[in-house]
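> Give me a 3D structure for the following:
(one chain, ligands or ions: 2)
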Amino acid sequence: MLGRVNHIAIAVPILDEAAAIYRDTLGAKVSEPQTLAEHGVTVIFVELPNTKIELLEPLDEASPIAAFLERNPSGGIHHICYETPDIASAAEKLRASGARILGDGKPKIGAHGKPVLFLHPKDFNGTLIELEEV
Ligand SMILES: CC[C@H](C(=O)O)C(=O)SCCNC(=O)CCNC(=O)[C@H](O)C(C)(C)COP(=O)(O)OP(=O)(O)OC[C@H]1O[C@@H](n2cnc3c(N)ncnc32)[C@H](O)[C@@H]1OP(=O)(O)O
Ligand SMILES: [Co+2]
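Ligands and ions are numbered 1, 2, ... in the order given. Model prediction:
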């Protein structure tokens, strides 16, 4: 079911400041901001040799990451995204195992234009998992 780590996401209070740290202090290549209205966030990707860092800023208080940032005002690691070759079959196996798929349980299109799903952190050692079909 699991392929490569596609990205590790960090929720941040101020996206431009977080991107400047990666670009100017850490010398990494960062993308332009991408607003994902359907997901309630604006994202910037930090390109690394073996994976990406996804910097996430909430669009508004209704954002799914707003409560996380209230609990962690300076930001924090938010989720890990694993690649999967077949998200429908992964969802079927996960449901059969009793794992909770968040939202309406149907894949949505993510930042890379691919179908993604999120799994409840309480079912996976307190870690929010995103699956992206690649
Ligand atoms: C898809 C576009 C883009 C991409 O990569 O392409 C993205 O990644 S968009 C990312 C933003 N979207 C999401 O994160 C969608 C899935 N997330 C959610 O639905 C919520 O964040 C949810 C339900 C995981 C948590 O929401 P909230 O904090 O408002 O809910 P609760 O207070 O009920 O939390 C329940 C329980 O889980 C703990 N929690 C919450 N967030 C996390 C987290 N990121 N990692 C670990 N644990 C988390 C929270 O503390 C609660 O625990 P408890 O012990 O009950 O207090
Ligand atoms: Co993500």
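
> I would like the residues contacting stretch 51-63, please.
Contacts to stretch 51-63, defined as C-beta atoms under 8 Å, 6 or more residues apart in numbering, come from residues 4-15, 18-19, 22, 28, 30, 35, 37, 40-46, 65-66, 69, 78, 81, 111. C-beta: built from backbone N, CA, C; applies to glycine.

> need the strands for this protein, in chain order.
For the chain, strands defined by DSSP state E occupy the ranges 5-11, 29-30, 34-36, 41-47, 52-58, 76-84, 108-109, 115-119, 129-133.

> Just confirm yes or no for the fourth one near ligand 2.
No: for strand 41-47 and ligand 2, the contact criterion (C-beta under 5 Å from the ion) is not met; the two come no nearer than 7.5 Å.

> One more: the third one?
No: judged by C-beta under 5 Å from the ion, strand 34-36 stays clear of ligand 2, getting no closer than 9.4 Å.

> Which helix in the protein has the most residues?
With secondary structure taken from DSSP state H, the chain has its longest helix at helix 87-96.

> Output the contacting helices and strands for that helix.
Applying 3 or more C-beta pairs under 8 Å, 6 or more residues apart in numbering; DSSP states H and E, one finds that helix 87-96 contacts strand 115-119, strand 129-133.

> quick one, which of those is nearest to ligand 2?
Taking C-beta to the ion, strand 129-133 is the member of the helices and strands packed on helix 87-96 nearest to ligand 2, at 4.7 Å.

> Alpha carbons of the closest one, in CSV - could you do that?
Extracted C-alpha coordinates of strand 129-133, given in CSV (Å, rounded to 0.1, in the frame of the first residue of the first chain):
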residue,chain,number,x,y,z
ILE,A,129,-1.5,10.4,7.4
GLU,A,130,-2.3,11.6,3.9
LEU,A,131,-2.2,9.1,1.0
GLU,A,132,-1.6,10.4,-2.5
GLU,A,133,-2.1,8.3,-5.6
